[in-house]
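Engineer: Got a predicted structure here, sequence first:
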Amino acid sequence: MALSEALRSKNCSLERLELRENNLGCRIGIKHICSAVATGRLVGLELRSNELTGARCVAEMLKTCLLQELILMDNGLNNLDTKRIVEGLLLGAAKLRLLDLSYNKIGNIGAVALGRVLKSRIGLKLKLYDNRVKSVGIERIDHGMRFGRSWYIGVDEDD
């Protein structure tokens, strides 16, 4: 039985799934997994180091899943990817408590989008270690936090 089929099963009691360093990309395999996660009871998903550039599959998953933790560290995600993920969060059912986007290529434009999510969520913990966010992006994140009572950790400011 394929993993995506197992995740869709009524008998699946899995709460967390870690698929680190599998080079999944946004190809067929990850699309099936995201689709299964969207219909399942999974609360935690880690897709660290899977080259998920494009992030459309992740954004679509967020529109219907009930995830509480999503770890997308070290996937080469950029501003456009971040905007897609934010759109999925704003339009979706996910009740994330943790979003880890550390070690990607997110800059100020992505940070502005993340500020929108922080503004609309209560209690979201956002991790952004080692990205390309500068002071303008940090200001937008800070603004979002003030209104949404969310918080972030790990923004490395270079300037």
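Structural biologist: Looks like it came in fine. Residues are numbered from 1 along each chain as shown.
Engineer: Show me the helices in the chain, by range?
Structural biologist: Counting by DSSP state H, residue ranges of the helices within the chain are 3-8, 28-39, 56-62, 79-91, 108-120, 135-148.
Engineer: Dump these into JSON lines; add mean neighbour count as well.
Structural biologist: Quick note: C-beta positions are derived from backbone N, CA and C, even for glycine. Below are the helices of the chain laid out as JSON lines (neighbours: other C-beta atoms under 10 Å):
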{"stretch": "helix 3-8", "mean neighbour count": "16"}
{"stretch": "helix 28-39", "mean neighbour count": "20"}
{"stretch": "helix 56-62", "mean neighbour count": "23"}
{"stretch": "helix 79-91", "mean neighbour count": "20"}
{"stretch": "helix 108-120", "mean neighbour count": "22"}
{"stretch": "helix 135-148", "mean neighbour count": "17"}
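Engineer: looking at those helices, which has the lowest confidence?
Structural biologist: Per-stretch mean pLDDT for the helices of the chain is lowest at helix 28-39 (a mean of 68).
Engineer: would you list the helices of the chain in CSV and tack on distance to Leu128?
Structural biologist: CSV is the format used below for the helices of the chain (distance: least, C-beta to C-beta, whole Å):
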stretch, distance to Leu128
helix 3-8, 28
helix 28-39, 22
helix 56-62, 16
helix 79-91, 10
helix 108-120, 8
helix 135-148, 8
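Engineer: burial of the nearest residue to Lys63 once chain neighbours are set aside, as a residue count?
Structural biologist: Distances taken as C-beta to C-beta, 6 or more residues apart in numbering put Gly92 closest to Lys63, at 3.9 Å, once the chain neighbours are dropped. Gly92: 19 surrounding residues under other C-beta atoms under 10 Å.
Engineer: Alright, calling it a day.
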